[in-house]
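**Q** okay, sequence plus prediction incoming.
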Amino acid sequence: MNPSSIQIRLERVVALRKRYKAIRYFFYFILFLLVLYSIKITVIEDTDWERIGGLGMVAKAMGRFLPPDLSVVKYLFKPTVETFMIACLGTMLAVVLSIPVIWLGAHNITPFFAVTYPLGRSLMTLSRSVNEIVWALIFVAAVGLGAFPGILAIAMRSVGFVAKTTAEAIEDVNTGPIEAIKAVGGSRFQVIRYAILPQILPIFISLVIFQWDINIRRATITGLVGAGGLGLTIQRQLLMYNYGGVTTVILAMLVLIGIGEVVSYYARRAII
Amino acid sequence: MDVDPNGKAVSMAHKSVTWSRYKYPQSLIRYGVYLFTVVFIGYSLHYLNIPIERFYTMFGLGGSILSRYYPPDIAYALDKDYLRYVFETVQMAYVGTLLGVVISIPIAWCASFNVTPSRWLVYPIARFIIMASRSVHEMIWAILFVIILGYGMLPGVLALTLFTIGFAGKLFSEEVEAIKMGPVEAIRATGGNSLQVMVYAVLPQVKVAWTGISIYTWDSSFRAATVLGYFGAGGMGWYLKQTIETLENLKVSAILLSIIMLVIVSEVTSAWARGA
């Protein structure tokens, strides 16, 4: 290879790199324009700036939330316990419901691959793609007001996450024990029970605790559409324009969620 | 005479014939946990006044309820006004997430225990910001911003920004806490300050993971954005509220279908973008 051909190749590489760089910058530029356009549409044009009027007005509007109205506290105990129970029962129901979905949606244990695997996967996507508010609306229409639709909504919402992550864990399990159980003549069910279950149980439990923590957060808002818990209380305070009361309810939510977070942190540490 | 693992002699007569996995104190604790769970379920069903019989009537009524929502009014979901709102929802999620990611980068820097500029002052503040924006649900943020700023997309964008700070900020800082400390020590040894440590030692290590997290956050905040409008914070949720309150069930089902379709599209896009 003579020096001039090396020179030519080098130049070609440099030119190519320059072009890539130009393309990349062009791409960034388009992205930047898109951002500006979106900001213009969403923030600048759509906002009623006169209503907001200056920072002083915003500060005044925020000031209405202070100080917290402590007279609401005595009505808070029952809804807080309710929220907690909705989250617990919803998570338990989600665990029960997720077992068949996991069985269908993990590709190494699904019974009839062509039919049940897509079915399981689409159930997971359906459950995760619909927000908890929408699930709550659907169940309020189906079973009436109260804590019950909240439990169902939270269960439906969490099935997808629990099932998807567990199914992925099942697909990654060590295949040695499965072959061992098959070799001694175990049935499909025995393979799942003795080879797969012991391997995924810690992951599954830590996932469920994580989901329980999130579900407390979700349970605080299902009440906004009539499904029980602290959301109902906050809705009531909003309708009365009692903004100090709203602050108090939010503080109660923070306490409840804080407790949930601490418990779930230590419970997960104990398991892993 | 038999010998147990500790070397003590144990007479065979005391051993039970059937093998059980859990020995005495553990088995008692397990049964205690089972009992507690059952009692807890029973007590909460009682406390929450849950009418279980409605659960069965739900299936009985299931057909008639579903028939109220069928067939979905597809033409409504293809209406030009509605599509414009869908587009605005996408933009709202986009701007909110972007803003949130930009803000959460410095917060994540301060909230990572290993590279934070000051462990006693900045670290707890940054942790608290992340905790607070995570703890309050994005719908509540949306309601609060609507009260303060009025209807429109600005409160939606801000609610999604706070959601992103809580969500991405936490994952970002967890990612930073898991980095290799070698490069950090190298930059510190050459006299770099903590900003230089961040830029030259931390960012190159977490860049890929942060991009993945940002895309995932966008996906999640888009899901939230579809409903934020229900509380007046802009986007297609407003249509959902209108049609639900006027009991136009066929339109409701069309909107729900469109939400599901959009979320599937965004999930596929985000999976593709994370792969690329």
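**A** Nice, thanks for sending it over. Just so we're clear, the structure is a prediction, and the values are computed from it rather than from any experiment.
**Q** CA only for contacts and neighbour counts going forward, please
**A** Will do.
**Q** run through the stretch 51-200 of chain B and note the low-pLDDT ranges.
**A** Residue ranges of the stretch 51-200 of chain B with pLDDT under 70: B:54-55, B:57-66.
**Q** look up the closest residue to B:Y82, ignoring the ones flanking it.
**A** Spatial nearest neighbour of B:Y82, chain neighbours left out: B:M236 (7.2 Å); criterion: CA to CA, 6 or more residues apart in numbering or on different chains.
**Q** next, count neighbours for that neighbour.
**A** B:M236 is flanked by 27 other residues according to other CA atoms under 10 Å in any protein chain shown.
**Q** which bits of the stretch 51-200 of chain B sit near chain A?
**A** Contact residues (CA under 8 Å from any CA of the partner chain) of the stretch 51-200 of chain B with chain A: B:51, B:54-55, B:58, B:62, B:65, B:88, B:91-92, B:94-95, B:135-137, B:139-140, B:147-154, B:157.
**Q** apply 6 Å and report the result again.
**A** Proximity of the stretch 51-200 of chain B to chain A (CA under 6 Å from any CA of the partner chain) is limited to residues B:R54, B:Q91, B:I148, B:L149, B:G152, B:M153, B:L154.
**Q** restricted to helices, list these.
**A** Judged by DSSP state H, these include B:R54, B:Q91, B:I148, B:L149, B:M153, B:L154 as members of helices.
**Q** filter these to the buried ones?
**A** The neighbour count (16 or more other CA atoms under 10 Å in any protein chain shown) marks B:Q91, B:I148, B:L149, B:M153, B:L154 as buried among those.
**Q** mind picking the two most distant members of these?
**A** B:Q91 and B:I148 (21.8 Å; CA to CA).
**Q** residues in contact with A:A147?
**A** Neighbouring residues of A:A147 by CA atoms under 6 Å, 6 or more residues apart in numbering or on different chains: A:A227, A:G228.
**Q** do you know the pLDDT at it?
**A** A:A147 carries a pLDDT value of 85.
**Q** state the phi and psi torsions of it.
**A** phi -70, psi -20 (degrees, to the nearest 10).
**Q** ok, so of the ones in helices among the residues of the stretch 51-200 of chain B next to chain A, who is nearest A:T233?
**A** A:T233 lies nearest to B:I148 out of these, by CA to CA, at 19.7 Å.
**Q** show me what from the stretch 101-250 of chain A comes close to chain B.
**A** So the stretch 101-250 of chain A meets chain B at A:S129, A:V143, A:F148 (CA under 6 Å from any CA).
**Q** most neighbours among these, which one is it?
**A** Highest neighbour count within these, by other CA under 10 Å: A:F148, with 26 neighbours.
**Q** doesn't that one belong to a strand?
**A** No: counting by DSSP: H, G, I helix; E, B strand; the rest coil, A:F148 falls outside a strand, being helix.
**Q** now do the host helix or strand of A:L10: distance to the chain's middle.
**A** According to DSSP states H and E, A:L10 maps onto helix A:3-39. Helix A:3-39 sits 38 Å away from the centroid of its parent chain (CA atoms, centre = their mean, to the nearest Å).
**Q** quick one: list the elements packing against it.
**A** Applying 3 or more CA pairs under 6 Å, 6 or more residues apart in numbering or on different chains; DSSP states H and E, we find helix A:3-39 packed against no helix or strand.
**Q** any idea of the mean pLDDT for it?
**A** In this model, helix A:3-39 has an average pLDDT of 83.
**Q** how about it: buried residues?
**A** For helix A:3-39, by 16+ other CA under 10 Å, it's A:V35, A:S38, A:I39.
**Q** OK, contacts around the second one?
**A** Same thing as A:S38. Contacts for A:S38 (CA under 6 Å, 6+ apart) come out as B:Q91.
**Q** measure it to B:F87 for me?
**A** 10 Å (CA to CA, to the nearest Å).
**Q** same check on the last one?
**A** Using CA to CA, one gets 13 Å for the distance from A:I39 to B:F87.
**Q** let me see the domain layout of chain B.
**A** Chain B breaks down by automatic domain parsing into domains covering B:2-62, B:74-275.
**Q** I'd say the residue nearest to B:Y82 and B:Y85 touch.
**A** Yes: between B:M236 and B:Y85 there is a contact under CA atoms under 6 Å: 5.3 Å.
**Q** excluding chain neighbours, what is closest to A:G120?
**A** With CA to CA, 6+ apart as the criterion, A:G120 has its nearest non-adjacent residue at 4.2 Å, and that residue is A:G105.
**Q** name the element B:N49 belongs to?
**A** Counting by DSSP H and E, there is no helix or strand that carries B:N49.
**Q** picking that back up, and of the buried ones among the ones in helices among the residues of the stretch 51-200 of chain B next to chain A, the nearest to B:I259?
**A** Using CA to CA, B:Q91 is the member of those that lies nearest B:I259, at 15.0 Å.
**Q** now for that closest one: which residues touch it?
**A** So B:Q91 contacts A:S38 (CA under 6 Å, 6+ apart).
**Q** how about A:G223?
**A** Contacts for A:G223 (CA under 6 Å, 6+ apart) come out as A:G229, A:G231, A:L232.
**Q** give me the element B:R127 is part of.
**A** Assessed by DSSP H and E, B:R127 sits inside helix B:122-135.
**Q** list the buried ones in that helix?
**A** Residues B:V122, B:Y123, B:A126, B:R127, B:I129, B:I130, B:M131, B:A132, B:S133, B:R134, B:S135 are the ones in helix B:122-135 that count as buried (16+ other CA under 10 Å).
**Q** re the thing from before, and the residue nearest to A:G120, how many neighbours?
**A** For A:G105, the count of nearby residues is 29 (other CA under 10 Å).
**Q** cool, and A:P67?
**A** 12.
**Q** just A:G176 next, same as before
**A** Using other CA under 10 Å: A:G176 sits among 10 other residues.
**Q** report the secondary structure state of it.
**A** helix.
**Q** how much space between it and A:A183?
**A** Using CA to CA, A:G176 is found at 10 Å from A:A183.
**Q** same check, this time on B:D79
**A** Separation of B:D79 from A:A183 (CA to CA): 60 Å.
**Q** related to what we said a few turns ago, now the residues of the stretch 51-200 of chain B next to chain A in JSON lines, with distance to A:A195?
**A** Listed next are those as JSON lines, based on distance: CA to CA, whole Å:
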{"residue": "B:R54", "distance to A:A195": "39"}
{"residue": "B:Q91", "distance to A:A195": "47"}
{"residue": "B:I148", "distance to A:A195": "56"}
{"residue": "B:L149", "distance to A:A195": "57"}
{"residue": "B:G152", "distance to A:A195": "54"}
{"residue": "B:M153", "distance to A:A195": "52"}
{"residue": "B:L154", "distance to A:A195": "53"}
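**Q** understood, closing this out.
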